[in-house]
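Asker: Predicted model and sequence follow; I will ask about them next.
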Amino acid sequence: RIRHYKWEVKYEYKSPDCMKKLSITINGRSPGPTIIAQQGDTIIVELTNSLGTENLAVHWHGIRQIGTPWSDGTEGITQCPILPGDTFTYRFVVDRPGTYMYHAHYGMQKLAGLYGSIRVSPPDGVSEPFFYDHDRSLILNDWYHKSTYEMAAGLSSIPFVWVGEPQSLLIQGRGWFNCSLLTSPSLEPGVCNATNPECSPYFLTVIPGKTYRLRLTSITSLSALSFQIEGHNMTVVETDGHYVKPFTVKNLFIYSGETYSVLVKADQDPTRNYWMETSVVSRKPTTPPGLAYLNYYPNHPHRQPPTSPPANPIWNDTEPRMNQSLAIKAREDYIHPPPITSDRVIVLLNTQNRVNGRVRWSVNNVSLTLPKTPYLIALKEARGDLHNFFDQNPPPERYNFAAYDIFSNATNHNATTSDAIYRLKFNTTVDIILQNANTMTVNNSETHPWHLHGHDFWVLGYGKGKFDINTDPARYNLVDPIMKNTVPVHPYGWTALRFVADNPGTWAFHCHIDSHFYMGMGVVFEEGIEMVGKLPSQIMGCGITKGFRRL
Ligand SMILES: O=C1O[C@H]([C@@H](O)CO)C(O)=C1O
């Protein structure tokens with residue numbers, strides 16, 4: 001089946017947390033429409049850029065784009081940006097059931113509100129391995145009052161201006177900012193209006209006794225989150241399109257770019273409503289928790305629960321977060337065993353550095369910049385010397401690993417920027433070890449959710465401290481590892497992944513925190529470029545392909 005959408009993307013004033021802000025909407029909405037499809041369907045999105053003066057690209061996060069690498073929507077990697085006034089058609093197949101998302105992938109645009117859910121059901125006659133009565137999607141997000149431009153400009157300024165913590169957390173596009181905190185007399189009246197219906201709490205109505213599949217997606221720009229529903233347990237059954245060996249939690253930790261399906265039974269006192277709550281973990285929060293109502297039918301959906309919102313996990317306690325990561329395994333009967341050995345091991349040391357006076361994030365001491373001509377186009381279309389398009393020296397497979405002290409603040413001031421990429425031999429098995437370290441601040445290491453485009457990977461293991469290449473691989477889970485597309489790297493810890501380079505194209509692999517990717521925290525892989533079909537001319541128009549699009 002073909003599912004055809006026509007979306008117009010533009011700026012509009014919205015008040016998702018009671019504070020009026022220019023937001024990016026799709027057909028007037030943020031979050032945008034949910035794509036509901038069935039395995040094997042073709043999705044066609046005709047996307048018109050009505051932003052006026054701003055470029056655009058949209059990524060379909062978790063969809064592998066097999067055979068359609070040009071529809072991945074990563075500006076600078078798989079396409080030129082969509083210019084204001086232009087219409088770009090994304091066309092791809094959703095080839096697996098599960099919970100996915102879409103969001104802008106141009107500069108730091110995602111944090112202005114261009115995001116939404118994708119929900120893919122199994123083919124007719126195939127059932128999910130768990131039971132539920134109703135299926136609902138909930139997107140968790142953090143929200144800033146500053147503009148994307150102000151934030152991006154600060155990050156690339158000398159002196160550096162950090163984006164800071166978000167002003168509020170949104171549940172399905174709604175949050176609540178305390179307007180009385182605004183003291184500026186210059187604000188026009190009504191800019192912050194606590195009674196605006198746009199920021200009345202989101203409610204999810206449930207029928208007593210029924211079981212709900214909640215598809216939780218985090219699309220935050222910065223925050224790692226905990227999510228809970230007062231008085232209710234949640235059984236985790238799916239993540240990033242893969243069935244999980246069920247386990248039950250009170251709080252679910254969820255990182256930007258991840259999705260989880262949890263089963264929740266409406267089995268509590270039905271005469272009242274309950275809090276749904278999300279809070280910041282991993283960074284010292286100044287952002288109040290985001291709140292919504294679990295509304296037991298037939299109570300009034302706006303009736304506030306009679307209790308106070310429940311307490312949240314302690315923000316800097318990494319132990320329960322590491323334990324949740326370790327608990328996620330593939331469900332019996334749905335295990336895809338990984339290859340037992342790999343052909344190549346790339347150890348990626350993540351550090352914060354200063355490069356030419358600017359604060360950057362580096363991977364093996366190299367901070368990613370994107371070329372003028374997107375890699376996919378350069379590799380397919382460049383006649384002559386590729387050196388003219390991007391750095392041909394391969395980025396390092398390891399950086400000073402034996403000697404590097406991950407616990408002391410980063411002193412490697414000789415970091416560089418580069419647009420070089422890792423070229424992978426087609427169909428080989430690649431291991432990636434993501435190693436976290438101290439930032440440039442003493443006694444500080446952050447959580448980084450890393451997202452791989454074009455593939456799912458097996459999560460082989462997590463560890464604390466420095467990865468030991470002699471002993472840690474022996475502890476890898478090769479029996480029932482989960483497959484995912486986004487995975488956290490915990491503070492001062494490491495995460496080991498394995499994937500098969502079997503999808504011809506060029507694929508980003510990066511920290512899903514907007515400002516960190518903007519500051520260079522990512523790498524790019526290429527495999528099987530010679531097998532990529534003829535590129536659609538609509539992805540062109542920049543770099544060497546200036547003017548191509550009109551031909
Ligand atoms: O990239 C970052 O910069 C700041 C801080 O390290 C320097 O101000 C921060 O918290 C980040 O995550």
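Answerer: Arrived safely.
Asker: how long is stretch 226-238 end to end?
Answerer: End-to-end span of stretch 226-238 (CA to CA, to the nearest Å): 17 Å.
Asker: which SS state does the most centrally placed residue in the chain fall under?
Answerer: Nearest to the mean C-alpha position of the chain, by CA atoms, centre = their mean, lies residue 257 at 2.2 Å. Of the three states, residue 257 takes coil under DSSP: H, G, I helix; E, B strand; the rest coil.
Asker: ok, now how distant is it from residue 192?
Answerer: Residue 257 is 30 Å from residue 192, where distance means CB to CB, to the nearest Å. Where you see a C-beta, it was placed from the backbone N, CA and C, and this is true even at glycine.
Asker: Residue 445 now?
Answerer: From residue 445 over to residue 192 the distance is 35 Å, taken as CB to CB.
Asker: same deal with residue 425?
Answerer: Residue 425 sits 55 Å away from residue 192, going by CB to CB.
Asker: hang on, the earlier thing: next, work out how far apart the residue nearest to the centre of the chain and residue 285 are.
Answerer: For residue 257, the distance to residue 285 (CB to CB) stands at 20 Å.
Asker: swap in residue 297?
Answerer: When residue 297 is compared with residue 285 (using CB to CB), they lie 33 Å apart.
Asker: and the two? which has more neighbours close in?
Answerer: For residue 297 versus residue 285, the count of surrounding residues by other CB atoms under 10 Å is larger for residue 285: 17 against 12.
Asker: isn't that one right next to residue 278, touching?
Answerer: No - using CB atoms under 8 Å, residue 285 is not in contact with residue 278; the gap is 11.1 Å.
Asker: picking up where we left off before, neighbour count: residue 425 and residue 192, which is higher?
Answerer: Neighbours were counted for residue 425 and for residue 192 using other CB under 10 Å; residue 192 has more, 20 against 12.
Asker: Show the pLDDT at that one.
Answerer: Residue 192 carries a pLDDT score of 93 in this model.
Asker: was I right about it contacting residue 179?
Answerer: Yes - counting by CB under 8 Å, residue 192 touches residue 179, with 3.7 Å between them.
Asker: Need the residues touching each of these two.
Answerer: Common neighbours of residue 192 and residue 179, using CB atoms under 8 Å, 6 or more residues apart in numbering, are 18, 19.
Asker: Residue of this protein closest to the ligand, please.
Answerer: residue 162 (4.0 Å; CB to the nearest ligand atom).
Asker: In contact with that residue, which residues?
Answerer: When contacts are counted by CB under 8 Å, 6+ apart, residue 162 touches 154, 155, 515.
Asker: Wasn't residue 423 part of a strand?
Answerer: Yes - counting by three-state DSSP, residue 423 is part of a strand.
Asker: Phi and psi next, for the residue nearest to residue 40 when sequence neighbours are not counted.
Answerer: With CB to CB, 6 or more residues apart in numbering as the criterion, residue 40 has its nearest non-adjacent residue at 6.2 Å, and that residue is residue 123. When quoted as degrees, to the nearest 10, the phi and psi of residue 123 stand at phi -70, psi 160.
Asker: One more: residue 179?
Answerer: Residue 179 adopts backbone torsions of phi -60, psi -20, taken as degrees, to the nearest 10.
Asker: Also residue 386?
Answerer: According to degrees, to the nearest 10, residue 386 has phi -60, psi -20.
Asker: Ok, residue 197 next?
Answerer: Dihedral pair for residue 197: phi -60, psi -20, per degrees, to the nearest 10.
Asker: Next, work out how far apart it and residue 469 are.
Answerer: Counting by CB to CB, the gap from residue 197 to residue 469 is 57 Å.
Asker: mind listing what residue 38 touches?
Answerer: 1, 94, 120, 121, 122, 123, 124.
Asker: residue contacts, the first one?
Answerer: Just to be clear, that refers to residue 1. The neighbourhood of residue 1, defined by CB under 8 Å, 6+ apart, consists of 37, 38, 40, 41, 42.
Asker: which residues touch the fourth one?
Answerer: Taking CB under 8 Å, 6+ apart as the definition of contact, the neighbours of residue 41 are 1, 2, 3, 93, 94, 120.
Asker: what about 7 Å?
Answerer: The contact partners of residue 41, taken as CB atoms under 7 Å, 6 or more residues apart in numbering, are 1, 3, 94.
Asker: so the closest residue to residue 261 other than its chain neighbours is in which element?
Answerer: Nearest residue to residue 261, sequence neighbours excluded (CB to CB, 6+ apart): residue 238, at 3.7 Å. Element membership of residue 238 [criterion: DSSP states H and E] is strand 234-239.
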